[in-house]
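Student: Below are the sequence and a predicted model; questions follow.
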Amino acid sequence: MAFKITPFFLLFSLLFSPAFSQNSNPTKVIFDTDMGPDYDDVGAITLLHAFADQGKIDILATIASTKYEGVAGVLDVLNTYFDRPDLPIAVPTDKAIEQKDWQHWTDTLLANYPHNIRRNTEVPDAVDLYRKILAAQPDQSVTLITVGFLTNISNLLKSKGDQHSPLSGVELVRAKVVKLISMAGKFPSGSEFNVNQDPKASQFVVTNWPRIIIYSGFEIGERIHSGIPLISNQEIKNSPVKDVFALSIPMDKQDVNGRMSWDQTAVWVAAMGYEKYFVLEEGQMQVADDGSNSWGISGKGQFRLVGKSNMMGIEKEINDLMMHQPKVKE
């Protein structure tokens, strides 16, 4: 007798597949960030470490998608603050964007907080570190989070076999990665910074990525504001995270209620799943030559977050997590 696959069965299979279900084991994560020009990246890496301290995430590496001088040091500052000074860090050595923050919060962190990495040349190339880490992990065990440009992911997919693995980049991703959660795009259509700054990389990734992608679009983070509870908390002192938000929020009138929180949403979904605040719409992102994007619902294997209601619940959770402090050593 032929087995008929019903829409309910497909939905059930989707929800409980490894790519979407949450389990008791920490999610293995590689975190890919532009860490500036904006500063929601600082909020995102704070959530990453907070979830790691809660046992929900196992951080394998923090990788920059930018190559301005000092970005490796900034990542080192934040990892060191959260008592993970030995986390692998990498920076692209090939062509990549070099934009920095205009508020100079990166310079402030480098001047005022401990770190061992002084130059980008002290850390490996981004694709080399991706390949090394992925090759060493069990099959279908790693979640990638991108909250910056898709430069590294494009280069990873184009990479060839090497000393870490004989597999091509596409083959390595297909073997080792469960899903990519990406703060990218504006839906149903628009132009968003992480996509439009490196349109060729964005086009290549959305066309050739061999696993599941979940997009957290501009329209999601735009509705979530964070940072005011953090900078108002008088008990938090000597915190690079607080310093970044305290310095940057007053510099922009649109941030009077806090900074829009695009990047934090991607980390939150990686750790907590999407069901509490979102539904998924399956489709396909298309990226034009100018970096603008649109969404087609006929595609398969790509999903965008759609909010169930207002974002006040997740806004409070993100603000609470951004006040996370390093674990006290016993």
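Tutor: Received it, and whenever you're ready, just let me know what you need.
Student: For residue 127, give me phi and psi.
Tutor: Note on residue 127: its backbone torsions stand at phi -70, psi -40 [degrees, to the nearest 10].
Student: Nearest spatial neighbour of it, chain-adjacent residues omitted?
Tutor: Among residues not flanking residue 127 along the chain, residue 155 sits closest, at 4.8 Å (Cβ to Cβ, 6 or more residues apart in numbering). Where you see a C-beta, it was placed from the backbone N, CA and C, and this is true even at glycine.
Student: go on, residue 215?
Tutor: residue 304 (4.6 Å).
Student: Surely the residue nearest to residue 127 is in contact with residue 95?
Tutor: No - with contacts counted by Cβ atoms under 8 Å, residue 155 stays clear of residue 95, the gap being 9.3 Å.
Student: quick one, which of those two is more surrounded?
Tutor: Remark: of residue 155 and residue 95, residue 155 carries more neighbours, 22 against 11, as counted by other Cβ atoms under 10 Å.
Student: can you pull the contacts of that one?
Tutor: 92, 94, 126, 127, 169, 201 (Cβ atoms under 8 Å, 6 or more residues apart in numbering).
Student: Shouldn't the residue nearest to residue 215 be within a strand?
Tutor: Yes - per DSSP: H, G, I helix; E, B strand; the rest coil, residue 304 lies within a strand segment.
Student: May I see the buried residues of the host helix or strand of residue 242?
Tutor: If you go by DSSP states H and E, residue 242 is part of helix 240-248. When burial is assessed from 16 or more other Cβ atoms under 10 Å, helix 240-248 yields the following buried residues: 240, 241, 242, 243, 244, 245, 247, 248.
Student: From residue 174, how far off is residue 311?
Tutor: 34 Å (Cβ to Cβ, to the nearest Å).
Student: out of these two, which sits in the more crowded spot?
Tutor: Shown here are residue 311 and residue 174; by other Cβ under 10 Å, residue 311 has more neighbours (20 against 15).
Student: Let me know whether that one touches residue 219 as I believe.
Tutor: No - using Cβ under 8 Å, residue 311 is not in contact with residue 219; the gap is 10.4 Å.
Student: partner residues bridging residue 57?
Tutor: residue 27 (DSSP bridges).
Student: I'd assumed residue 51 was in contact with it.
Tutor: Yes - with contact defined as Cβ under 8 Å, residue 57 counts as touching residue 51 (4.2 Å).
Student: list residues touching both of these two?
Tutor: By Cβ under 8 Å, 6+ apart, the residues touching both residue 57 and residue 51 are 270, 271.
Student: hey, where'd the strands end up in the stretch 201-330 of the chain?
Tutor: 212-215, 225-226, 259-260, 278-287, 293-296, 302-307 (DSSP state E, counting those that start in this stretch).
Student: closest to residue 266 out of those?
Tutor: Counting by Cβ to Cβ, residue 266 lies closest to strand 212-215 out of the strands of the stretch 201-330 of the chain; the figure is 8.2 Å.
Student: quick one: residue 303 from residue 88, how far?
Tutor: In terms of Cβ to Cβ, residue 303 sits 29 Å off from residue 88.
Student: Kindly report the same for residue 29.
Tutor: 12 Å.
Student: neighbour-wise, which of those two wins?
Tutor: Between residue 29 and residue 88, residue 29 has the larger neighbour count (other Cβ under 10 Å), namely 24 against 17.
Student: hang on, that one in a strand?
Tutor: Yes - under three-state DSSP, residue 29 sits within a strand.
Student: overlap in contacts of residue 29 and residue 88?
Tutor: Joint contacts of residue 29 and residue 88 (Cβ under 8 Å, 6+ apart) are residue 60.
Student: Next, the contact list for the nearest residue to residue 37 once chain neighbours are set aside, please.
Tutor: Sequence neighbours aside, residue 99 is the residue nearest to residue 37 in space, at 4.6 Å (criterion: Cβ to Cβ, 6+ apart). Contacts for residue 99 (Cβ under 8 Å, 6+ apart) come out as 34, 36, 37, 66, 68, 197.
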